[in-house]
Structures are given as C-alpha cells and as structure tokens.
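Colleague: below is the sequence, then the predicted model.
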Amino acid sequence: MIQREEVLEILANIIEPELKKDIVSLNLVEDLRIEENEIHLTVHISNPAMHARNRMKEAVNFNLTSRLGKELKVFCSVKQKSAELNGVHRKILPSVKKIIAIASGKGGVGKSTVTANIAGGLAQKGFKVGIVDADIYGPSMPTMFDLVGERPSMIEVDGVSKIEPILSQGVKILSIGFFTDKENAVVWRGPMASKALLQMFNDAHWGNLDYLFVDLPPGTGDIHLSLIQSIPLDGVVIVSTPQEVALADARRGVNMFKMDNVKVPIIGLVENMSWFTPTELPENKYYIFGRDGAKNLANGIGIPFLGQLPLIQSVCESGDTGRPAVFQRNGVGFDTISNVISEFERQVKLLANLVTNEK
C-alpha cells in the first residue's frame with residue numbers, strides 16, 4: 001500500500017518554477033487521495049499559462065511513476081494559485097495583483113488610447129495602476145501622458161538598483177520611448193526587443209499595484225510569445241475597429257491567447273471607432289467603418305463585449321496633448337469610456353470568482 005508520506009516525499013523534489021521552492025513546502029499540493037494503484041491530486045502553480053501547467057503535470061507524473069512503478073496511474077489537476085486570493089506570490093512582480101495585457105490583431109485600431117483611458121479611469125477611482133508600454137516600435141504612452149523627453153531615475157531597493165517608473169496623473173509608466181530617441185526608428189531584432197521589454201518588468205520598482213497594464217505591439221509575434229512565456233498574465237483585452245479587415249486580425253489575436261500552450265483568459269473585446277460624431281452635430285452617428293462588427297464578433301465566438309468607443313475629435317486631441325479623455329469629465333466621449341471601464345471591472349471580478357470556484 002502506497003503511503004501518503006512517501007508520496008509527499010517524492011513530490012518535494014519538484015520545484016515551482018516561479019517561486020524556486022518545492023511544491024510541498026509551499027503547500028501547493030491539495031486533495032491528495034490514494035486509491036490502490038491510483039493517485040489523485042491537485043497542484044497549484046503561479047503561472048496560469050497552459051504550457052506551465054502541462055510541464056508541472058508531466059513532472060508530477062514522471063516523479064511518481066519512476067519511484068513507485070510505471071503501472072501507477074496518476075490523475076493530476078494543475079491550477080493557477082492566485083497571489084491575490086491565497087497568498088502565493090509570483091517571483092516576478094509579487095506586489096502586483098493583476099497583470100493585464102491590451103492587444104490588437106493589427107495596428108491603428110486605438111489600442112494605446114484604450115490602454116491609457118482604462119488605466120487613467122481606474123486610477124481616478126483610487127486603484128494603484130501602472131502601464132508598461134511594450135509597443136517597442138511605436139511607443140505612445142510618453143505622448144499620451146505628456147512625458148516626451150522624460151527619463152526615469154534609478155532607485156536602490158534592498159541594495160539593488162532599480163528603474164523608477166515615472167508617475168503621471170496617478171499612473172506609473174515605463175515605456176521604451178523613455179530610452180530611445182524620438183526621431184530615430186527602433187531597429188531591433190526580436191530577441192533584443194523581447195529582452196528590453198522584460199527589463200521593464202524585472203529591473204523596475206513598481207511597488208504595490210492593483211493593476212499593471214501591458215500595451216502590446218499589434219500582431220501575434222515574438223514579443224507576445226516572450227511576454228506570455230515569461231510574465232504570468234491574469235488576462236487580456238482585445239481592441240478592434242468594426243471593419244472586416246480589423247475583425248479578421250482580432251479573431252487571430254483571440255485565437256492566439258486561447259491556444260493550449262498559451263491559455264491566457266480573455267477579459268473582453270473593445271470596439272473602437274464605432275461611429276463618427278462631428279462636434280457641430282453631437283446627436284448624429286455615422287458608421288464609417290461598419291456597424292457593430294466587433295460586438296457581433298464577440299458574441300459569435302463567445303467572449304465578453306466590453307463596449308463601444310466612438311471616433312471623436314476630442315478623444316484624439318486629448319491623447320495628443322498628454323491628457324487622456326477620461327480625465328476630462330466634461331469632454332465628449334467621457335460617458336462611453338466610463339462604461340467600458342465599468343464593464344472591464346465587472347468582467348475581472350467574474351473571472352476572479354470563476355478561478356475561486358474552480359478551486
């Protein structure tokens with residue numbers, strides 16, 4: 001008869017990759033049940049990505065069968081252990097409650113505008129918020145938060161020099177634009193860009209945050225995969241415009257985050273530039289790029305729809321002048337932005353409740 005103590009002794013040889021300690025001493029093994037020639041258990045890990053779960057499941061199966069016999073049947077369920085819900089902390093950014101990526105299948109759909117306004121709106125509500133501008137080849141946050149020409153300072157934390165994010169309008173910001181010449185193109189190969197991005201996580205002092213938003217470059221390339229493999233994302237928001245060419249790319253973006261070796265939860269889809277309203281005709285709506293395209297896409301593929309943002313001159317101008325529209329309460333478009341933020345918060349809470357119930 002296999003003994004519980006023997007099983008735990010074997011499992012103590014397995015290291016949680018992010019936390020660098022064994023899964024037994026971290027109390028990550030739960031629901032351990034031994035039935036004749038079967039072992040049932042649940043292991044919690046800090047990285048929610050499917051590839052991380054698969055590696056843990058393989059490690060558990062290999063260690064148990066190699067010590068207790070190949071005929072042993074191991075039924076191992078691997079789930080994310082949320083730092084916010086149960087005290088297990090990531091190795092990377094342990095003081096950040098939620099890391100949320102903002103992505104788009106193609107460029108020019110207003111992804112950075114959505115990022116700036118959601119982050120700014122949550123900061124206004126009293127949340128501690130940060131933004132990593134990961135759009136290596138087209139960083140927008142320095143312009144949107146009136147930080148062009150600024151350079152981050154260094155701060156010593158526990159004897160280690162760290163980059164101090166720049167605070168603007170209640171939001172902590174790090175952008176590759178702080179470290180490059182605005183007039184020159186950033187000509188980096190994929191590995192160089194990915195390394196620069198990860199430095200903004202690993203070598204920065206973010207402190208305690210409720211949300212850290214990651215403004216990704218458009219598409220589904222090296223930077224996205226490097227981020228997903230290195231940073232435990234809690235969810236992703238997809239941004240699209242209503243026209244078909246953008247929707248096709250948005251669908252590819254959603255499918256990338258749903259892949260078995262990625263598996264990042266989709267918080268929802270935002271439709272930007274849904275209609276045009278001229279200043280002199282505030283009641284009129286002109287559907288230049290088509291009507292409800294992203295909304296129909298979200299409903300069709302079964303992901304939450306966070307709302308529609310109109311194409312309004314004041315929203316564009318506010319980003320260009322370094323004060324996102326969400327900070328201008330009397331501005332046109334404020335209400336639609338606020339609705340998207342409220343739906344974002346609701347979907348994040350629903351996602352957290354789903355994780356809790358699964359456990």
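Modeller: Great, that's in hand. Numbers count the residues shown, from 1 in each chain.
Colleague: show me the helices in the stretch 51-200 of the chain, by range?
Modeller: Here the stretch 51-200 of the chain has its helices, by DSSP state H, counting those that start in this stretch, at 83-86, 111-124, 141-144, 190-202.
Colleague: which strands or helices does the third one pack on?
Modeller: Meaning helix 141-144. Packing contacts for helix 141-144, counted by 3 or more CB pairs under 8 Å, 6 or more residues apart in numbering; DSSP states H and E, involve helix 111-124, strand 129-133, strand 171-175, helix 313-320. Any C-beta I mention is one placed from the backbone N, CA and C, and that applies to glycine too.
Colleague: now do 10 Å
Modeller: For helix 141-144, the packing partners by 3 or more CB pairs under 10 Å, 6 or more residues apart in numbering; DSSP states H and E come out as helix 111-124, strand 129-133, strand 166-168, strand 171-175, strand 209-215, helix 313-320.
Colleague: of the ones you listed, which is nearest Asn272?
Modeller: Closest approach to Asn272 among the helices and strands packed on helix 141-144 is made by helix 111-124 (6.2 Å; CB to CB).
Colleague: quick one: the helices in the stretch 201-350 of the chain?
Modeller: With helices called from DSSP H, counting those that start in this stretch, the stretch 201-350 of the chain shows them at 222-230, 244-258, 293-301, 313-320, 334-358.
Colleague: of the ones you listed, which is nearest Met144?
Modeller: Closest to Met144 of the helices of the stretch 201-350 of the chain, according to CB to CB: helix 313-320, at 4.7 Å.
Colleague: same for that closest one, what does it pack against?
Modeller: Packing partners of helix 313-320 (3+ CB pairs under 10 Å, 6+ apart): helix 111-124, helix 141-144, strand 266-276, helix 334-358.
Colleague: just give me the lowest mean pLDDT stretch among these.
Modeller: Ranked by mean pLDDT, the helices and strands packed on helix 313-320 end with helix 334-358 at the bottom, a mean of 76.
Colleague: what are the buried residues along it?
Modeller: 334, 336-338, 340-341, 343-345, 347-348, 351-352, 355 (16 or more other CB atoms under 10 Å).
Colleague: helices and strands of the protein: which one bottoms out on pLDDT?
Modeller: Least confident element among the helices and strands of the chain, by mean pLDDT, DSSP states H and E: helix 83-86 (a mean of 40).
Colleague: that's a helix at Leu41, yeah?
Modeller: No: using DSSP: H, G, I helix; E, B strand; the rest coil, the assignment for Leu41 is strand, not a helix.
Colleague: how deep is the closest residue to it other than its chain neighbours tucked in, by neighbour count?
Modeller: The spatial neighbour of Leu41 that comes closest, neighbours along the chain excluded (CB to CB, 6 or more residues apart in numbering), is Leu32 at 4.6 Å. Using other CB atoms under 10 Å, Leu32 is surrounded by 14 other residues.
Colleague: buried residues in whichever strand or helix holds Leu32, which are they?
Modeller: Leu32 belongs to strand 29-35 when elements are defined using DSSP states H and E. For strand 29-35, the neighbour count (16+ other CB under 10 Å) marks Val29 as buried.
Colleague: may I have the strands that pair with it, each with its orientation?
Modeller: Strand pairing for strand 29-35, determined by DSSP bridges: strand 38-45 (antiparallel).
Colleague: list the buried residues in the partner strand.
Modeller: Across strand 38-45, burial judged by 16+ other CB under 10 Å covers Ile39, Leu41, Thr42, Val43, His44, Ile45.
Colleague: could the residues you listed be laid out in TSV, adding distance to Asp146 and pLDDT?
Modeller: Output for the buried residues of strand 38-45, formatted as TSV (distance: CB to CB, whole Å; pLDDT from 0 to 100):
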residue	distance to Asp146	pLDDT
Ile39	58	93
Leu41	53	93
Thr42	48	92
Val43	47	92
His44	42	88
Ile45	40	87
